[in-house]
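Sequence unavailable; structure follows:
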């Protein structure tokens with residue numbers, strides 16, 4: 001279940017320098033449920049301006065799960081926009097669990113993952129893994145920046161075309177694409193504090209590129225999973241969409257990450 005959970009968090013988590021109408025801050029809180037049972041919660045604070053962004057996020061196990069296993073983490077990122085995409089970023093994350101404590105740093109420069117580290121290094125780094133080449137590290141975004149869906153002007157931010165995109169993600173261990181395609185438009189849940197309005201529902205597909213082990217059936221199972229969905233909501237005053245909900249079918253049930261607070265304010 002570790003890979004789907006990581007994908008859900010990653011997915012969670014400004015066309016050009018003029019894409020943002022104003023400086024804005026998003027304050028979002030998410031709940032995590034597995035087959036309807038609460039297992040975790042997360043929070044993200046995102047600051048946007050004409051030149052770039054900064055974000056800080058946290059997540060942890062809650063409820064009965066926390067009594068069984070420890071799990072919590074924090075992430076930060078700051079980056080810049082150019083040519084309808086995030087081009088550079090400094091990303092750092094620290095996670096602590098019952099199984100492993102880990103720190104990851106990624107420096108993306110002009111779309112290229114120039115420097116990255118995982119501490120402690122994975123023990124099975126050379127076992128049947130697809131090599132991470134320079135080509136695989138080119139034109140990528142870090143996991144937290146991947147949650148920023150930039151929509152170029154003019155036009156409706158919530159146009160169905162805003163869903164249709166491929167997000168190339170590099171998380172220092174794996175290189176993969178998340179391919180989104182438009183499914184429908186619906187109203188946000190009335191349980192969300194801070195946002196009432198339409199959201200885009202996108203179907204998502206996981207495409208492994210590099211870093212994964214070829215002898216792990218779970219990789220192919222995730223790639224074949226057609227029950228991955230992302231709901232996108234606009235950050236008021238900007239041309240940026242952010243996931244307000246993510247749903248992933250797993251072998252033990254459906255995992256849902258859903259915003260309980262989604263407040264955008266000018267800065």
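Cool, got the structure. Predicted model, so just to flag it, every value in this text is computed and none were measured.

could you pull out the helices for this protein?
2-11, 63-68, 217-223 (DSSP state H).

Sort out which residues of the last one are buried, please.
Of the residues in helix 217-223, 219, 222 count as buried by neighbour count, 16 or more other Cβ atoms under 10 Å. In this view, the C-beta of every residue, glycine as well, is placed from N, C-alpha and C.

same for that helix, what does it pack against?
helix 2-11, strand 198-210 (3 or more Cβ pairs under 8 Å, 6 or more residues apart in numbering; DSSP states H and E).

Direction included, what does the last one pair against?
Each strand that pairs with strand 198-210, with its direction, by DSSP bridges: strand 175-187 (antiparallel), strand 228-234 (antiparallel).

Indicate which one of those is closest to residue 133.
strand 175-187 (9.0 Å; Cβ to Cβ).

right, and residue 174 touches residue 212 too?
Yes - counting by Cβ atoms under 8 Å, residue 174 touches residue 212, with 5.8 Å between them.

Surely residue 48 touches residue 23?
Yes - if you go by Cβ under 8 Å, residue 48 and residue 23 touch, sitting 6.6 Å apart.

where in this protein is pLDDT low?
Scanning the chain for pLDDT under 70 picks out 1-22, 63-70, 124-126.

hang on, the earlier thing: looking at residue 48 and residue 23, which is more packed in?
Set side by side, residue 48 and residue 23 show more neighbours around residue 48, with 27 against 14, by other Cβ atoms under 10 Å.

Chain neighbours aside, what residue packs nearest to that one?
Nearest non-adjacent residue to residue 48, counting by Cβ to Cβ, 6 or more residues apart in numbering: residue 24, 4.9 Å away.

What is the neighbour count of that neighbour?
Count around residue 24 with other Cβ under 10 Å applied: 20.

From residue 266, how far off is it?
6 Å (Cβ to Cβ, to the nearest Å).

Common neighbours of the two, please.
The contact sets of residue 24 and residue 266 overlap at residue 237 (Cβ atoms under 8 Å, 6 or more residues apart in numbering).

re the thing from before, out of the strands paired with strand 198-210, which is the most enclosed?
Mean neighbours per residue, mean count of other Cβ atoms under 10 Å, is largest over the strands paired with strand 198-210 for strand 228-234, with a mean of 23.

how far out from the middle of the chain is that strand?
Strand 228-234 sits 11 Å away from the centroid of its parent chain (Cα atoms, centre = their mean, to the nearest Å).

For this protein, just list every one of the strands.
Under the criterion DSSP state E, the chain contains strands at 24-34, 37-48, 52-61, 71-82, 85-97, 101-109, 112-119, 149-150, 165-170, 175-187, 198-210, 228-234, 240-250, 253-266.

From the opening residue of stretch 136-144 to its closing one, how far?
End-to-end distance of stretch 136-144 (Cα to Cα, to the nearest Å): 18 Å.

So which residues make contact with it?
Taking Cβ under 8 Å, 6+ apart as the rule, stretch 136-144 contacts 9-10, 13, 55, 57, 75-77, 79, 85-86, 89, 91, 93, 106, 108, 111-113, 167-171, 175, 209-211.

Kindly report the same for stretch 46-54.
Outside of stretch 46-54, the residues within contact range by Cβ under 8 Å, 6+ apart are 14, 17-20, 23-26, 28, 55, 76-81, 86, 145, 148, 235, 238, 240, 242, 267.

these two touch, right, residue 204 and residue 178?
Yes - at 5.6 Å, residue 204 counts as touching residue 178 under the criterion of Cβ under 8 Å.

circling back: arrange the strands of the chain in CSV, one row each, with distance to residue 135 as further columns.
Below are these laid out as CSV (distance: least, Cβ to Cβ, whole Å):
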stretch, distance to residue 135
strand 24-34, 33
strand 37-48, 30
strand 52-61, 26
strand 71-82, 21
strand 85-97, 18
strand 101-109, 15
strand 112-119, 10
strand 149-150, 24
strand 165-170, 11
strand 175-187, 10
strand 198-210, 9
strand 228-234, 26
strand 240-250, 28
strand 253-266, 31
